[in-house]
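**Q** Sequence first, predicted coordinates after that:
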Amino acid sequence: MTLAAIARAPRIGPIQLSSPVVVAPMVGVTDVPTRALAHELGAALVCCEMTASEAVVRSTDAAMALLDFPGDVRPAAAQLVGGDATVMAEAARVCVARGAQIVDVNLGCPVPKVVNRGSGAALARDIHATAQVIEAMVRAVPVPVTAKMRLGWDHNTINAPELARALQDAGAAAVSVHGRTRNQKYQGRADWAEIARVKEAVQIPVFGSGDVDDADLAAERVRSGVVDGVVVARGLLGNLWFVHQLVTLLTSGERVADLSFAERIALTRRHVEKLCAHHGDERALRIGRKYVAWAVKGCNGAARLRARVQEMDTRERLDALLDSAVRAGLGPGGWYRPAFTSGEG
Ligand SMILES: Cc1cc2nc3c(=O)[nH]c(=O)nc-3n(C[C@H](O)[C@H](O)[C@H](O)COP(=O)(O)O)c2cc1C
């Protein structure tokens, strides 16, 4: 065991985090059971997926299902997307009434249906309008308001340092910066030198996002002060253990070994159990297929197994499938990293 230096955990307003490691909001991923498991594995903060402010204000069933913050997972953040200051402020009140301790604003979503309405990454192009949204939300709720942004719309319009400064002045308690532009979506490597420029521009905590999938590198960025914390996103898909490894490295200096393939499958079973307890078996299996497919990728015969994952309609069939994955063992390709070319942040 090698010991490395311990990093200081940041505060978000009055909330002292237990470590610098937060789990990203991810559409279709960070539901209640997944957040609960990430919390058990040590994540200092978990966030629900982005939720449309208009839908929150209208109390649609879909929005209310996302804004679910069970009391055993604290602190928990809600993330809102929208561009109207009054609606965002009202939606923030709803989030707090439903148990969120932090309300985050999505300023990074690149998808056309969001940016065409002036929200997500499109809102971030207008620093003044974004600051007005934050100001209205800060006035509306007694909890910290934070924002998650990209570097800019494209490489010619990078505005993250100016935007972060304006949001700090508007009362934001922290910002997260995804080190890609809107036009990059999820392609290319995240630019951590640009993230560091945001850190230099503000006094509030800055969390870095983008390719956080190497514990040593992420820990070094925190220890050296490039950022105050890191946001884990695709790095945890199919491998939530990574959260535990990163948290342990940053809080105790200890390196935790990777899970064996059989252990990774055992963790996936625990995940599926939580999904079933929360959603009921039928829905959980529908939702859980992607987690299982991510977890078995890299094992011998993975392509065939992943095709069979799509046919799973009972817990028994799922268990049998996971047993066969363990029997197959990890293939020569080893661990893989999911690649997304689209998404919501
Ligand atoms: C499937 C998926 C869904 C996402 N949903 C959101 C979201 O709801 N809100 C948000 O701010 N970012 C969202 N993001 C962006 C991530 O939070 C993160 O900033 C981005 O993936 C970069 O980190 P990575 O390179 O480590 O994956 C999403 C990303 C993925 C892959």
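**A** On my side now, so go ahead.

**Q** Show the contacting residues for the residue nearest to L305 when sequence neighbours are not counted.
**A** Once flanking residues are discounted, L305 sits nearest to V296: 5.0 Å by Cβ to Cβ, 6 or more residues apart in numbering. For every residue, glycine as well, the C-beta is placed using N, CA and C. Counting by Cβ atoms under 8 Å, 6 or more residues apart in numbering, V296 makes contact with I265, A302, L305, R306, V309, L322, A325.

**Q** Count the residues that sit near the fourth one.
**A** What it means is R306. By the criterion of other Cβ atoms under 10 Å, R306 has 19 neighbours.

**Q** Next one: it from G329, what distance?
**A** Distance of R306 to G329, given as Cβ to Cβ, to the nearest Å: 16 Å.

**Q** swap in the third one?
**A** Between L305 and G329 the computed distance is 12 Å (Cβ to Cβ).

**Q** what does the second one give?
**A** The span separating A302 from G329 equals 11 Å under the rule Cβ to Cβ.

**Q** in which helix or strand would I find A218?
**A** For A218, the host element (DSSP states H and E) is helix 215-223.

**Q** Quick check: buried residues in that helix?
**A** Residues of helix 215-223 classed as buried: A215, A218, A219, R221, V222, R223 (neighbour count, 16 or more other Cβ atoms under 10 Å).

**Q** Closest one of those to the ligand?
**A** A218 (9.8 Å; Cβ to the nearest ligand atom).

**Q** tell me the contacts of that closest one?
**A** V212, V230, L246.

**Q** Just the ones in helices from those, please.
**A** Among the contacts of A218, the members found in helices (DSSP state H) are L246.

**Q** Not counting residues beside it along the chain, what's closest to the residue of the stretch 51-200 of the chain found nearest the ligand?
**A** Nearest residue of the stretch 51-200 of the chain to the ligand: H178, at 3.9 Å (Cβ to the nearest ligand atom). Distances taken as Cβ to Cβ, 6+ apart place S209 nearest to H178, at 4.3 Å, with adjacent residues excluded.

**Q** same thing with V46?
**A** R35 (4.0 Å).

**Q** Can you report how many residues lie near that neighbour?
**A** Neighbour count for R35, taken as other Cβ under 10 Å: 26.

**Q** returning to what we had before: now, which of the contacts of A218 sits nearest the ligand?
**A** Using Cβ to the nearest ligand atom, the shortest approach to the ligand within these belongs to V212, at 4.8 Å.

**Q** re the thing from before, using CSV, please lay out the contacts of V296 together with pLDDT and secondary structure.
**A** Below are those laid out as CSV (pLDDT from 0 to 100; DSSP: H, G, I helix; E, B strand; the rest coil):
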residue, pLDDT, secondary structure
I265, 92, helix
A302, 83, helix
L305, 84, helix
R306, 84, helix
V309, 85, helix
L322, 90, helix
A325, 85, helix
